[in-house]
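A.B. asks: What shape does this take:
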Amino acid sequence: MQTELSSVLDKLAGAQHGLVTSDQAITSLGRGRKNRWVAEGRLIVTQPGVYRVAGTPQTWHQSLKAAALASDGIVSHRSAAEMWGLIQPAGYAEVSVTPPRKPRLVPPAIAHRVLDLRPDLTEEREGMLLTDPVRTVVDLGLVLPRWSVKDALSRGITTRLFAVGQVQALREALGRQGRNGTGIIGDILEERFLTKGDEESLLEARLHSLARRHELPSLTIQHEVWNAGRFVARVDAAYPAQKLAIEVDGFEHHTSPDAFQRDRTRQNRLVALGWTVLRFTWEDVVRRPAEVAKTIHEALNRFTAA
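C.D. replies: As a prediction, the model looks like this:
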């Protein structure tokens, strides 16, 4: 009987990142047995009314699911942004709920009370309901500084998670006086995109800015390399005359083994054709532009000397 009960809980936990709620445990085990399992450490409190089954690994997705189960909420803000690849991973655990609910979560998990939380602006990923990319980037203005929201917006456009028009339409639908998040997005849209009339990629904008500020020669962005009439590669930026390619790792998320292998094969082909490839991280471009510019200057100077 105990084995059967354990199997039922394991099945529930398997679909919930190793978690069960108090109600689920009571339904499966009965209140008395559930309390004994908690006392014996077979069920470990993770959030109020949510338990981790002993032996299951603790993960970031599990912490998000625990917060969502404890609050009956939707994964949102920075957590949703991480899941959509809009910001760098930092392990946030944030959910949104509708008032008057005010769940108390175990820190560092956070529950935001959101009046205009809409089910039609959600999607399911990793067994969790989270705000869709457009709603997520609008909400980021409430929890991140302006420059981070701008980067997230441009990253989403570049990776085709959404278009400027979609963000603008939702901003207008959700916007109301005093709501800082929509105000920040509105300012960024006006300043950066709507006044320009295009959807310039974040990477292109960053590299052009870096070249201007550090007096580099003009870059060719998204340069295509051909050999004997055959396409070889497209590089993030280049000085074609010097055969100097500049690649930025981590701007788009090449996380699969196949993508990793393709990147290395492509680089080897470029080198075999006489190209020099400089590789920088996205953090280098954003946080250490002077160092990036210095490296590029030195490479160009070597070509000039040769």
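
A.B. asks: Just the C-alpha atoms of stretch 233-244, please, in CSV.
C.D. replies: Coordinates of the C-alpha atoms in stretch 233-244 are reproduced here as CSV (Å, rounded to 0.1, in the frame of the first residue of the first chain):
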residue,chain,number,x,y,z
ALA,A,233,29.5,32.2,-43.5
ARG,A,234,27.8,35.3,-42.3
VAL,A,235,29.7,37.0,-39.5
ASP,A,236,28.4,39.6,-37.0
ALA,A,237,30.7,42.3,-38.2
ALA,A,238,33.7,42.6,-40.4
TYR,A,239,36.5,44.6,-42.1
PRO,A,240,36.3,42.8,-45.4
ALA,A,241,39.4,44.4,-46.9
GLN,A,242,41.5,43.2,-44.0
LYS,A,243,39.6,39.8,-43.8
LEU,A,244,39.0,40.6,-40.1
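
A.B. asks: List the buried residues for it?
C.D. replies: Neighbour-count burial for stretch 233-244 flags Ala233, Val235, Asp236, Ala237, Ala238, Tyr239, Gln242, Lys243, Leu244 (criterion: 16 or more other CB atoms under 10 Å). C-betas here are computed from N, CA, C, even on glycine.

A.B. asks: okay, who's weakest in those by pLDDT?
C.D. replies: Here the lowest pLDDT out of the buried residues of stretch 233-244 sits on Asp236, with 86.

A.B. asks: I figured it hits Asp249, correct?
C.D. replies: No: counting by CB atoms under 8 Å, Asp236 does not reach Asp249; the two are 9.4 Å apart.

A.B. asks: Could I get the contacting residues of Pro289?
C.D. replies: Pro289 makes contact with Ser209, Leu210, Arg213, His214, according to CB atoms under 8 Å, 6 or more residues apart in numbering.

A.B. asks: Ser148 versus the closest residue in space to the first one that isn't next to it in sequence, what's the distance?
C.D. replies: Excluding the flanking residues, the one nearest Ser209 by CB to CB, 6 or more residues apart in numbering is Pro289, at 8.0 Å. As judged by CB to CB, to the nearest Å, Pro289 and Ser148 stand 17 Å apart.
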